[in-house]
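Student: generate coordinates for the sequence data below:
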Amino acid sequence: MLTSRTFVRRTRAGAVVKVVREHYLRDDISCGAAACRLCPPTPAGPGAAPALEAKPSGAPSSLCPAPHFLLPDTNLLLHQIDVLEDSVIKNVIVLQTVLQEVRNRSAPVYKRIRDMIQNPEKHFYSFTNEHHRETYIEQKRGETSNDRNDRAIRVAVNWYNEHLKKIEDEEKIQVIFLTNDRANKEKALEEGITAYTCEEYIKSLTANPELVDRLACVSDEGKEIESGKIIFPEHIPLSKLQQGIKSGIYLQGTFRASRENYLEATVWVHGDAEENKEIIVQGLKHLNRAIHEDIVAVELLAKSEWVAPSSVVLQDDGQNEDDIENEEEKENILKTSVNKDMLRPTGRVVGIIKRNWRPYCGMLSKSQIKEARRHLFTPADRRIPRIRIETRQAATLEGQRIIVAIDGWPRNSRYPNGHFVKNLGSAGDKETETEVLLLEHDVPHQAFSQAVLSFLPKMPWSITEEDMKHREDLRHLNVCSVDPPGCTDIDDALHCRETENGNMEVLYEANHLFIYFFLYFTNSAVVRIDMVPELLSSNLCSLRSNVDRLAFSCIWEMNHKAEILKTRFTKSVINSKASLTYAEAQMRIDSATMNDDITTSLRGLNKLAKILKKRRIENGALTLSSPEVRFHMDSETHDPIDLQTKELKETNSMVEEFMLLANISVAQKIYDEFPEFALLRKHPAPPPSNYDILVKAARSKASFYHNLEIKTDSAKALAESLDKAESPTFPYLNTLLRILTTRCMMQAVYFCSGMDNDFHHYGLASPIYTHFTSPIRRYADIIVHRLLAVAIGADSTYPELTDKHKLADMCKNLNYRHKMAQYAQRASVAFHTQLFFKTKGVVNEDAYILFVRKNAIVVLIPKYGLEGTVFFEEKDKPTPKLDYNDEVPSLTVEDTTLHVFDKVKVNITLDDSNIQHQKMRMVLVEPKIQGNDVPANLSTETSSNNEPEKKKKKLQK
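Tutor: This is a model prediction of the structure:
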């Protein structure tokens, strides 16, 4: 059946156009009930929606003892998704009307609903009511879209109830309508529909009282604190905010809360204007209920009210929600006399344009009132305010890591309202803390769905004749891989041989993913911790030895000066002859007795790699350093038992050089073919001010060491001055300078070539660069593989890659994911370091000063690659006399002056007084400071004075 709707609209040019929209209606759409014989059966197979159960299971309800299905409206799905995700909630009908509204209003909730629909254990069924002949309705004249959709939902509920009555079964199944909309519920009851609010229904599940805690506070009414005192100014409505932003009265930006001071934040203003790009917001009322990452509107204050960024550390550790006078006292602490040059544009939040709330991990701060239900939740992220929740499980949840979601923040509440979502486990437990750091850094890590796994190749797998038609057979070559010990996901392999004309043929093989055939799969892979399932990453796509594997080869013809004469790319099939570790490859190269084909190939590769590296450095590439650490884990408990800096060998550099060369060669190829939509990676040059700390640190040591002058005019000048900064009496000086230089760098980013003009990679001194070499680890490499395949005529199946705007959005997401993955990695290293020192006790170690602050020094401990802060101002202890010199830079504590790069000895312990925010506590042991009462003999271990060899690491590529 076909229905049509006709209307007229005016074009931009002013012409009137008649538009006819056709809408097809069907009578063969299934109701989804397994017991129904009137409807066609639901389709089977991967990705098909599972049917509603013939005999609905789930938690028994005191309101609805008979078998029933649930049908929620849009707002209930949006606000009560945490309850619906619980395993006891089953057999839910999700209407097309509802699903479309949710999709338009919240992409994250929409994805969660789609996941539940795909989960066979949940029995959620998506019913296409907008195309069913008996459930589709037209919008009445004068009826709003919202009212029409509410009516469509009620029509669908009525149809379901009438339809299910026709099923020949002893127990009739009823459809229960769930809505928190009072008017909609009243209309449903008038029409004879059984309808309840979500709270009414959940409270009727007497066997699952804990579900009540997960109910979202859908209205601030009735949830306000008893005093009723207005704390915050009212938010200006969105319509007025948009007018104000357009006229310049207000500025729109992203709200970034401070980790150190809960009464201070920064708003990064959107747009290209250089003026007032960063606005400071200070004080509870000026912050006005904005939360980290919200999009807000701010009003700029008069210049007489501008403030300077505060250097005070303030943590919100009070329990009394109503103690506003105490907050005002803390705000007065911020208003210290400052130099006028330090004043910054200051404003106040007047409205929220978009909330960016997410579920937050943290711990319950149990109320001191006996049997209280209202408690404060303290998030793990210090930038998030405490959240007030109601729970009956306080005794159980105390000492546990839990997840809480925010529901709202009324004007008369010191803290936002929220609800309990999930208990992750005991605080301090390794699995729990790992889960927390992944969640807090937005790193998806859930198991792959069955729909995704269904696209995997069936085992046993082998290369077919069809595969060979489009590939070059390179299985006869003595290819080998060189990786860290225990590596199972081998993503590249190398080969080198002399050709008949005397030149060298060098092959770099990157693994070629099966993902090419799985479009659904690749689209889901962009945001995961494990890019692909283990069957691919550790088996079929891993270039393991003595098995045939698909690869994408970059083949160079070079002369013996490592000058590239010819480059070509091909899809290939290889058979690696050896999977070596860096140490094993180094042993072969150094051995005088080994002269087999693989060893000869490695020596040729190593010789060329040295020339390539020398040439890169001559062109201005930077060789920087960072204190990378390696944990040695107990084989049974998987706890860290040793911690040391990584040792790099010559073969590390060999692999790196050809990886860089492959990335550069591929970048040039895809840019030549697709100048508007090549996915590239650039590293912007740092602004001169970034180098201030490095230049000052080197200048402070210039009187002690000759040739110690750091030039930052260009990457080449910087590289040359770092190479000259050597001292035989202080061999670790050069490594410290390179570590400090790394901190001055900008972040490397992905970008679309058609949306940018600056392609240069500052750290590598390369005019163009991309990521091609690791498609099982990075999504960017998959896109580059696809572009390269099209460029060489091997594929033509991805037309969406020619949309530069889509590619730019993808790059934005890739950069965000890359940044969060880096943060998660650092958090993981910090956590495992804490585990290591938990059993280590008190340790004294040699350290070097990296930075000096007004009341502290930041030190690096080379033995562990560990960085930490030594504070000279501590709670409940007398503060020593401190004199900070920013120009030298140095810090004088009492009569002892500490400079950057000075060698010191520190006392290291694990401070676990705050179980949620455990940290490494460091106290200066040598030089001895007057009033410092930490004796050197407290240590259970003392390091030797042996300096580690200089560890050099290539700048983030």
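
Student: which residues of the stretch 101-250 of the chain score low on pLDDT?
Tutor: The stretch 101-250 of the chain contains residues with pLDDT under 70 at 169-170, 218-228.

Student: now do the helices in it.
Tutor: 107-118, 145-165, 182-190, 198-203, 238-247 (DSSP state H, counting those that start in this stretch).

Student: now for the helix or strand hosting residue 750, which elements pack on it?
Tutor: Per DSSP states H and E: residue 750 is located in strand 749-752. Contact here means 3 or more Cβ pairs under 8 Å, 6 or more residues apart in numbering; DSSP states H and E; on that basis strand 749-752 packs against strand 679-682, helix 804-840. In this view, the C-beta of every residue, glycine as well, is placed from N, C-alpha and C.

Student: could you pull up phi and psi at residue 553?
Tutor: phi -100, psi 140 (degrees, to the nearest 10).

Student: contacting residues for it?
Tutor: Counting by Cβ atoms under 8 Å, 6 or more residues apart in numbering, residue 553 makes contact with 472, 474, 507, 508, 509, 510, 569, 570, 571, 572, 574.

Student: quick one: what helix or strand has the last one in it?
Tutor: When you say that, I think you mean residue 574. With DSSP H and E as the criterion, residue 574 is inside strand 564-575.

Student: buried residues in that strand?
Tutor: Of the residues in strand 564-575, 567, 569, 570, 571, 572, 573, 574, 575 count as buried by neighbour count, 16 or more other Cβ atoms under 10 Å.

Student: what segments of the stretch 251-400 of the chain are strands?
Tutor: Ranges of strands in the stretch 251-400 of the chain, per DSSP state E, counting those that start in this stretch, are 251-257, 264-269, 278-282, 295-300, 347-354, 360-365, 374-379, 387-390, 400-408.

Student: reformat those as a markdown table; add distance to residue 920.
Tutor: Formatted as a markdown table, those follow (distance: least, Cβ to Cβ, whole Å):
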| stretch | distance to residue 920 |
| --- | --- |
| strand 251-257 | 24 |
| strand 264-269 | 26 |
| strand 278-282 | 31 |
| strand 295-300 | 35 |
| strand 347-354 | 36 |
| strand 360-365 | 20 |
| strand 374-379 | 21 |
| strand 387-390 | 28 |
| strand 400-408 | 20 |
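
Student: for residue 98, which of the ones you listed is the nearest?
Tutor: Shortest separation from residue 98 across these is recorded for strand 400-408, at 20.3 Å, computed as Cβ to Cβ.

Student: what sits up against the closest one?
Tutor: Residues contacting strand 400-408 (Cβ under 8 Å, 6+ apart): 79, 82, 216-218, 220, 291, 357, 359-364, 377, 379-380, 387, 389, 416-427, 432-433, 435-436, 439.

Student: that one pairs with which strands?
Tutor: Here strand 400-408 has these sheet partners by DSSP bridges: strand 360-365 (antiparallel), strand 417-426 (antiparallel).

Student: possible to save the ones you listed as a markdown table with distance to residue 616 and mean pLDDT?
Tutor: Converted to a markdown table, the strands paired with strand 400-408 look like this (distance: least, Cβ to Cβ, whole Å; pLDDT from 0 to 100):
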| stretch | distance to residue 616 | mean pLDDT |
| --- | --- | --- |
| strand 360-365 | 43 | 91 |
| strand 417-426 | 46 | 91 |
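
Student: output these in JSON lines; the columns should cover mean neighbour count and distance to residue 804.
Tutor: What follows is those, written out as JSON lines (neighbours: other Cβ atoms under 10 Å; distance: least, Cβ to Cβ, whole Å):
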{"stretch": "strand 360-365", "mean neighbour count": "22", "distance to residue 804": "36"}
{"stretch": "strand 417-426", "mean neighbour count": "19", "distance to residue 804": "39"}
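
Student: which of those sits closest to residue 734?
Tutor: Of the strands paired with strand 400-408, nearest to residue 734 by Cβ to Cβ is strand 360-365, at 40.8 Å.

Student: contacts for the closest one, please.
Tutor: With Cβ under 8 Å, 6+ apart as the criterion, strand 360-365 contacts 319, 375-381, 384, 386-387, 389, 391, 394, 397-406, 424, 427, 436, 439-440, 915-916.

Student: mind giving me the PyMOL command for buried ones among these?
Tutor: Only the buried entries of the contacts of strand 360-365 go into this PyMOL selection, using 16+ other Cβ under 10 Å:
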select buried, resi 375+376+377+378+379+380+384+386+387+389+391+394+397+400+401+402+403+404+405+406+424+427+436+439+440+916
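
Student: low-confidence ranges in the stretch 551-700 of the chain?
Tutor: For the stretch 551-700 of the chain, the stretches with pLDDT under 70 are 625-647.

Student: and with 90 instead?
Tutor: 592, 617-650, 652, 685-700 (pLDDT under 90).

Student: now do the strands in it.
Tutor: Under DSSP E, counting those that start in this stretch, the stretch 551-700 of the chain gives strands at 564-575, 578-581, 623-624, 629-633, 640-645, 679-682.

Student: and the third one, which strands flank it?
Tutor: To tie it back to what came earlier, the one meant is strand 623-624. Sheet partners by DSSP bridges: for strand 623-624, these are strand 953-954 (antiparallel).

Student: the residue nearest the centre of the chain and residue 440, how far apart?
Tutor: The centre of the chain sits closest to residue 820, judged by Cα atoms, centre = their mean, with a distance of 3.3 Å. Using Cβ to Cβ, to the nearest Å, residue 820 is found at 9 Å from residue 440.

Student: could you measure from residue 129 over to residue 562?
Tutor: Distance from residue 129 to residue 562, by Cβ to Cβ: 67 Å.

Student: between those two, which has more neighbouring residues?
Tutor: residue 129 (24 against 20; other Cβ atoms under 10 Å).

Student: doesn't residue 97 make contact with that one?
Tutor: Yes. Contact criterion Cβ atoms under 8 Å: residue 129 and residue 97 qualify, at 5.9 Å.

Student: what touches both of these two?
Tutor: In contact with both residue 129 and residue 97: 152, 156, using Cβ under 8 Å, 6+ apart.
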